[in-house]
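1. my questions are about this predicted structure, shown below with the sequence.
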Amino acid sequence: MKSNDLLTGESFVPRRITQKFARTENRIKFHNQKANKLRHSVMFVNTPLQKNLRILNEIMLGKTKGVFHKQYLLGKGYSFDVLTHYDYFEGKRFSCLYHFTIQTGENDHLIFNRIKSNNQ
(Lines give C-alpha, C1' and ligand atoms only; values in the text may rest on other atoms or scores of the structure.)
Protein backbone atom coordinates (compact mmCIF):
# COMPACT_ATOMS: atom_id res chain seq x y z
CA MET A 1 0.00 0.00 0.00
CA LYS A 2 1.42 3.38 -1.02
CA SER A 3 0.98 6.72 0.72
CA ASN A 4 1.69 10.29 -0.30
CA ASP A 5 4.10 12.46 1.69
CA LEU A 6 2.21 15.38 3.30
CA LEU A 7 5.01 17.85 2.51
CA THR A 8 6.20 16.92 -0.97
CA GLY A 9 3.35 14.78 -2.26
CA GLU A 10 5.76 12.06 -3.35
CA SER A 11 4.56 8.49 -3.26
CA PHE A 12 6.23 6.05 -0.81
CA VAL A 13 5.67 2.73 0.94
CA PRO A 14 5.17 3.37 4.68
CA ARG A 15 7.05 1.20 7.18
CA ARG A 16 4.51 1.95 9.92
CA ILE A 17 0.74 2.31 9.76
CA THR A 18 0.92 5.90 11.04
CA GLN A 19 3.81 7.04 8.80
CA LYS A 20 2.83 10.17 6.85
CA PHE A 21 6.20 11.32 5.50
CA ALA A 22 8.73 9.65 3.22
CA ARG A 23 11.73 11.02 5.16
CA THR A 24 12.45 12.37 8.62
CA GLU A 25 13.58 15.68 7.08
CA ASN A 26 10.16 16.10 5.46
CA ARG A 27 8.38 15.51 8.78
CA ILE A 28 10.59 18.03 10.58
CA LYS A 29 10.23 20.64 7.82
CA PHE A 30 6.43 20.15 7.69
CA HIS A 31 6.00 20.69 11.44
CA ASN A 32 8.46 23.61 11.51
CA GLN A 33 6.49 25.34 8.74
CA LYS A 34 3.25 24.70 10.62
CA ALA A 35 4.68 26.11 13.89
CA ASN A 36 6.12 29.16 12.09
CA LYS A 37 2.78 29.89 10.46
CA LEU A 38 1.06 29.83 13.86
CA ARG A 39 3.84 31.90 15.47
CA HIS A 40 3.58 34.57 12.77
CA SER A 41 -0.23 34.68 12.99
CA VAL A 42 -0.13 35.68 16.69
CA MET A 43 3.01 37.82 16.55
CA PHE A 44 1.07 41.12 16.41
CA VAL A 45 -0.29 40.35 19.90
CA ASN A 46 2.62 38.44 21.45
CA THR A 47 5.30 41.00 20.59
CA PRO A 48 3.81 43.90 22.61
CA LEU A 49 2.79 41.51 25.42
CA GLN A 50 6.32 40.20 25.77
CA LYS A 51 7.78 43.70 25.59
CA ASN A 52 5.41 44.86 28.34
CA LEU A 53 6.34 41.85 30.47
CA ARG A 54 10.06 42.60 30.07
CA ILE A 55 9.45 46.22 31.11
CA LEU A 56 7.39 45.23 34.16
CA ASN A 57 9.89 42.58 35.23
CA GLU A 58 12.63 45.21 35.04
CA ILE A 59 10.87 48.01 36.93
CA MET A 60 9.18 45.68 39.46
CA LEU A 61 12.34 43.75 40.33
CA GLY A 62 12.14 42.91 44.03
CA LYS A 63 8.80 44.71 44.47
CA THR A 64 5.26 43.48 44.99
CA LYS A 65 3.71 46.89 44.32
CA GLY A 66 4.82 49.75 42.11
CA VAL A 67 3.37 53.14 41.12
CA PHE A 68 4.53 54.59 37.79
CA HIS A 69 3.50 57.55 35.67
CA LYS A 70 2.05 56.78 32.23
CA GLN A 71 4.69 58.95 30.54
CA TYR A 72 7.47 56.97 32.24
CA LEU A 73 5.96 53.73 30.95
CA LEU A 74 5.53 55.18 27.45
CA GLY A 75 9.17 56.25 27.52
CA LYS A 76 10.14 52.66 28.33
CA GLY A 77 8.07 51.49 25.33
CA TYR A 78 5.09 50.08 27.25
CA SER A 79 1.95 49.46 25.15
CA PHE A 80 -1.40 50.16 26.80
CA ASP A 81 -3.28 48.30 24.04
CA VAL A 82 -2.76 44.72 25.27
CA LEU A 83 -3.77 42.70 28.34
CA THR A 84 -3.68 39.00 29.10
CA HIS A 85 -6.71 38.62 31.36
CA TYR A 86 -8.83 40.01 34.18
CA ASP A 87 -8.41 38.80 37.74
CA TYR A 88 -9.50 39.57 41.29
CA PHE A 89 -7.05 41.19 43.68
CA GLU A 90 -8.07 42.11 47.23
CA GLY A 91 -11.72 41.59 46.31
CA LYS A 92 -11.76 43.83 43.22
CA ARG A 93 -11.55 42.94 39.53
CA PHE A 94 -8.53 44.33 37.65
CA SER A 95 -6.94 44.18 34.22
CA CYS A 96 -3.84 42.00 34.26
CA LEU A 97 -0.69 41.45 32.29
CA TYR A 98 0.53 37.94 33.10
CA HIS A 99 1.17 38.02 36.89
CA PHE A 100 0.66 41.78 37.40
CA THR A 101 -2.63 43.56 38.14
CA ILE A 102 -3.05 47.05 36.70
CA GLN A 103 -5.04 49.79 38.44
CA THR A 104 -5.38 53.42 37.56
CA GLY A 105 -4.09 55.83 40.16
CA GLU A 106 -4.25 59.57 40.52
CA ASN A 107 -2.59 62.06 38.16
CA ASP A 108 -1.95 59.63 35.27
CA HIS A 109 -0.25 57.07 37.49
CA LEU A 110 -0.71 53.32 37.21
CA ILE A 111 -0.42 50.93 40.14
CA PHE A 112 0.96 47.46 39.44
CA ASN A 113 0.63 44.61 41.94
CA ARG A 114 2.42 41.30 41.56
CA ILE A 115 -0.06 38.45 41.94
CA LYS A 116 1.24 35.69 44.18
CA SER A 117 1.05 32.27 42.58
CA ASN A 118 1.81 28.84 43.99
CA ASN A 119 5.29 28.76 42.45
CA GLN A 120 6.46 32.27 43.48
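-> Done, it's in. Numbering: from 1, shown residues only.
2. quick one: residues contacting the residue nearest to residue 6 when sequence neighbours are not counted.
-> Using CB to CB, 6 or more residues apart in numbering and skipping residues adjacent in sequence, the residue nearest residue 6 is residue 20, 5.1 Å away. In this view, the C-beta of every residue, glycine as well, is placed from N, C-alpha and C. With contact set as CB atoms under 8 Å, 6 or more residues apart in numbering, residue 20 has these partners: 3, 5, 6, 14, 27.
3. tell me how far the ends of stretch 13-27 are from each other?
-> By CA to CA, to the nearest Å, the extent of stretch 13-27 from end to end equals 15 Å.
4. rewinding a little: where does the residue nearest to residue 6 land in three-state SS?
-> Secondary structure state of residue 20, per DSSP: H, G, I helix; E, B strand; the rest coil, is coil.
5. that one and residue 34, how far apart?
-> Taken as CB to CB, to the nearest Å, the spacing of residue 20 relative to residue 34 amounts to 13 Å.
6. now do residue 50
-> 22 Å.
7. quick one: which of the two has more around it?
-> residue 50 (13 against 10; other CB atoms under 10 Å).
8. quick one: what helix or strand has that one in it?
-> Assigned by DSSP states H and E, residue 50 belongs to helix 43-59.
9. buried residues in that helix?
-> Of the residues in helix 43-59, those buried under the neighbour-count criterion (16 or more other CB atoms under 10 Å) are 48, 49, 52, 55, 56.
10. thanks a lot, see you next time.
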